[in-house]
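K.L.:
Could you work out the structure for the sequence below:
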Amino acid sequence: MLFIPSPKYLRELRKAAGLSQAELARRAGVSQSLIARIESGDVNPRVSTLQRILKALEEYVEEELKAEDIMTSPVITVKTSDPISKVADIMWENAISQVPVLDERGNVVGMIHEKSIVKAFLKHREKAVNFQARDFMTVPPPMIPPDTPLNAVFALISDACPAVLVMKNDKVCGIITRSDVLKYMVTRIKSGEHKQREPYTRSEA
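P.N.:
Residues are numbered from 1 along each chain as shown. This next block holds a predicted model:
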């Protein structure tokens, strides 16, 4: 079902985002007077116009949200010297598929993925317990500051890059995975579904 935002919803979302009518009009490519008339219920605009305004609002919100707003913190980590069996236990007990690897000074030096541990045990069998985290870690994922815009985070995460680390004062303070992005998107979609109960009507102020 196509979501048609009501004037009240658009007005409340604009105000919650801290946008003026003029700025929203500029971003949506319409006139400020049209925004004002839509919000007051004095005009019945085309659905495509409403959708364009809503998209401009959502894009602005994503620009305003930062990495720290959706990151998982604190971050579970392992040391380079940890036995691979210990790493496996940590990952399975915490239901995570990847974990950052730190050196003795707490610096991020790599990443271990679940598939690497599975391959280690399949290839080396019982001898795999003799290996350490450093033996199977890959290069660290992208590292970003907490104030990185959310749309930039989304651009980084992909099949080849399933996570990013959020760094503060050269220390890892958070992690964002594809699961975190999925959780955010589903939450936003559900929020939109809730708003669908409030249909657009011309007379609503």
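
K.L.:
any chance you could map the strands in this structure?
P.N.:
78-79, 98-102, 108-113, 143-144, 163-168, 171-177 (DSSP state E).

K.L.:
Quick one: closest of the ones you listed to Leu54.
P.N.:
Evaluated over the strands of the chain, closeness to Leu54 peaks at strand 171-177, with 25.3 Å, by Cβ to Cβ. (C-beta placed from N, C-alpha, C; glycine too.)

K.L.:
Other residues contacting the closest one?
P.N.:
The set of residues external to strand 171-177 that reach it, using Cβ atoms under 8 Å, 6 or more residues apart in numbering, is 67-68, 70-75, 77, 97-98, 100, 102, 106, 108, 143, 146, 153, 157, 162-167.

K.L.:
can we see that at 7 Å?
P.N.:
Under the criterion Cβ atoms under 7 Å, 6 or more residues apart in numbering, residues 67-68, 70-73, 75, 77, 100, 106, 108, 146, 153, 162-167 lie in contact with strand 171-177.

K.L.:
picking that back up, need the strands of the chain in a markdown table (columns: distance to Ile90, mean neighbour count and mean pLDDT).
P.N.:
Output for the strands of the chain, formatted as a markdown table (distance: least, Cβ to Cβ, whole Å; neighbours: other Cβ atoms under 10 Å; pLDDT from 0 to 100):
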| stretch | distance to Ile90 | mean neighbour count | mean pLDDT |
| --- | --- | --- | --- |
| strand 78-79 | 6 | 19 | 97 |
| strand 98-102 | 7 | 22 | 96 |
| strand 108-113 | 10 | 20 | 95 |
| strand 143-144 | 21 | 18 | 96 |
| strand 163-168 | 16 | 20 | 95 |
| strand 171-177 | 14 | 20 | 94 |
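
K.L.:
contacting residues around the residue nearest the centre of the chain?
P.N.:
Nearest to the geometric centre of the chain sits Val181, at 3.7 Å (Cα atoms, centre = their mean). For Val181, the contact set (Cβ under 7 Å, 6+ apart) comprises 154, 157.

K.L.:
what about it, distance to Leu65?
P.N.:
According to Cβ to Cβ, to the nearest Å, Val181 and Leu65 sit 12 Å apart.

K.L.:
Please apply the same query to Val118.
P.N.:
Distance, Val118 to Leu65, by Cβ to Cβ: 35 Å.

K.L.:
And those two? Which one has more around it.
P.N.:
Between Val118 and Leu65, counted using other Cβ atoms under 10 Å, Leu65 has the larger neighbour count: 15 against 11.

K.L.:
Wait, the more buried one touches Leu150, no?
P.N.:
Yes - Leu65 lies in contact with Leu150 (Cβ atoms under 7 Å); the separation is 4.2 Å.

K.L.:
Residues contacting stretch 138-148, please?
P.N.:
Here stretch 138-148 makes contact (Cβ under 7 Å, 6+ apart) with 66-68, 100, 108-111, 113, 153, 156, 161, 163-168, 173.
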